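> Requesting a structural model of the entry that follows:
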Amino acid sequence: MNNILAIANKELRGYFASPIAYIVIGLFALAYGYFFYALLLFFDRQSMQLAGLGAGAGATANVNEQLISPAFQNTMVVFLFVLPMVTMRTYSEEKRSGTIELLLTAPLTDFQIIMGKFLGALGLYAAMLAITLVHIGVLFSLGSPEWLPIATSYLGMLLMGGCFISIGLLISSMTRNQIVAGMVTFVVFLMLWVIDWVATFMGPTTQAVLSYLSFTGHLTDFMRGVIDTKHVVYYVSFIAFGLFLTARSVDTERWRG
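Next up, the predicted model:
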C-alpha cells in the first residue's frame, strides 16, 4: 500500500510540477463556471415566471432538478475534453523520456504501478470536482437544495470519472506519443458517451447491450438520488477491466524490455 501511495503522490506532484494541472483545472473551472452561471440565470428567470402564476397555482422551481442536475451533466461533458489531457501523459511520457525502464525494473509490481497512477489521476480529477463544491455552497447559503441527490451525484461522477481514467491509462500505455494518446482517448470517450444514441438505430438485442454499456445511462439514477447496486457494479467492473487490460499492456512492455 505504501508503494501505491508513493506512486500516486509522485504522479500528483508530476501534474503540478508541469503546466498540465494548472491548465486543466483552469479550463475546467472556466467552462463549469460559465455553464453554472448560464443555468443559474435560466433558473432564476423560470422561477420568476412560475412565481408570476400566483401562489395558488402551486408551481415552484426545483433547484436540484432544474439547476444542479443539468450543471452536473454539463460537467461530465467538459470532462470528455479535459480528462484525456490528464491521462495522456501517464505512460506515454514515461516511454518518451525513457523512465519506463527504470519503473518496470524497480521492486514494484504491475498492480502497484497501475493503481498508483490511477489514484494519482483520480486525485487530480477529485480536485476538479471539489471546485464545484464552491457553487453548491453558494446555493445552500441562498436556499435549501436536497443534499441526497447532490451526494449521490458526486459518487456517480467519481465512479464515471474512474472509468474514463482507466481507459485513458490503457491507451496511454500503448503509445509513447502524448498527442496520439490524448486524441485516441477523446475519441473513445466520445464513442462511449453517444453509444446510447447509436443504440436507438439497432435491433432490440443490440440496443439492450449498447444501452447497458452507456456511461450516461448508468449516471441518471445517481443524479436522482438513487444508488442502485447494478450501476455501482457496472462502473466498478468497468474500472477493474480497464486496469486489467492496462496491466496486460504493461506486462507486454516489461517482456519487450
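> Look at residue 227 and give its secondary structure.
Residue 227 carries the three-state label coil when classified by DSSP: H, G, I helix; E, B strand; the rest coil.
> Once you drop chain neighbours, what's closest to it?
Of all residues not flanking residue 227 in the chain, residue 152 sits nearest, at 5.6 Å (Cβ to Cβ, 6 or more residues apart in numbering). For glycine as for every other residue, the C-beta is placed from the backbone atoms N, C-alpha and C.
> Give the buried residues for the helix or strand containing that neighbour.
Secondary structure from DSSP states H and E places residue 152 in helix 147-172. For helix 147-172, a neighbour-count test (16 or more other Cβ atoms under 10 Å) marks 149-150, 152-154, 156-157, 159-172 as buried.
> Now do the contacts for the residue nearest to residue 227.
By Cβ atoms under 8 Å, 6 or more residues apart in numbering, the contact set of residue 152 is 222-227.
> Give me the residues contacting stretch 198-208.
By Cβ under 8 Å, 6+ apart, stretch 198-208 touches 210-211, 214.
> ok so, going back, list buried residues within the contacts of residue 152.
The buried subset of the contacts of residue 152 - by 16+ other Cβ under 10 Å - is 222-225.
> ok, the most centrally placed residue in the chain to residue 109 distance?
Central residue check for the chain by Cα atoms, centre = their mean: the C-alpha nearest the mean position is that of residue 161, 2.3 Å away. Separation of residue 161 from residue 109 (Cβ to Cβ, to the nearest Å): 25 Å.
> Tell me where the protein has strands.
When assigned using DSSP state E, the chain turns out to have no strands.
> Tell me where the model's unsure across it.
51-61, 98, 100-101, 103-104, 199, 253-257 (pLDDT under 70).
> can you pull out the helices in it?
Using DSSP state H, the helices of the chain run over 2-17, 19-51, 63, 69-87, 92-97, 100-105, 110-142, 147-172, 178-199, 204-213, 215-223, 229-256.
> Roughly how far does the residue nearest to residue 227 sit from residue 220?
Distance from residue 152 to residue 220, counting by Cβ to Cβ: 11 Å.
> try residue 76
The gap separating residue 76 from residue 220 is 12 Å, by Cβ to Cβ.
> what's the answer for residue 125, then?
Residue 125 is 21 Å from residue 220, by Cβ to Cβ.
> okay, the two: which has more neighbours?
Applying other Cβ atoms under 10 Å to residue 125 and residue 220 shows that residue 125 carries more neighbours, namely 23 against 15.
> Distance check, the more buried one against residue 75.
11 Å.
> And for residue 24?
14 Å.
> swap in residue 147?
When distance is defined by Cβ to Cβ, residue 147 is 18 Å away from residue 75.
> wait, what's in contact with the closest residue to residue 72 other than its chain neighbours?
Of all residues not flanking residue 72 in the chain, residue 153 sits nearest, at 5.1 Å (Cβ to Cβ, 6+ apart). Residues counted as contacts of residue 153 (Cβ under 8 Å, 6+ apart) are 68-69, 72, 222-223.
> C-alpha coordinates for stretch 139-152, PDB please?
In PDB, the C-alpha atoms belonging to stretch 139-152 read as follows (Å, rounded to 0.1, in the frame of the first residue of the first chain):
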ATOM      1  CA  LEU A 139     -26.800  27.600  -3.400                       C
ATOM      2  CA  PHE A 140     -27.000  26.200   0.100                       C
ATOM      3  CA  SER A 141     -26.300  29.700   1.500                       C
ATOM      4  CA  LEU A 142     -29.100  31.100  -0.600                       C
ATOM      5  CA  GLY A 143     -31.600  28.300  -0.400                       C
ATOM      6  CA  SER A 144     -32.200  24.700   0.700                       C
ATOM      7  CA  PRO A 145     -31.400  22.200  -2.000                       C
ATOM      8  CA  GLU A 146     -31.800  18.500  -1.200                       C
ATOM      9  CA  TRP A 147     -28.400  17.100  -0.200                       C
ATOM     10  CA  LEU A 148     -29.000  13.400  -1.000                       C
ATOM     11  CA  PRO A 149     -29.200  13.800  -4.800                       C
ATOM     12  CA  ILE A 150     -26.100  16.000  -4.700                       C
ATOM     13  CA  ALA A 151     -24.100  13.500  -2.700                       C
ATOM     14  CA  THR A 152     -25.100  10.600  -4.900                       C
END
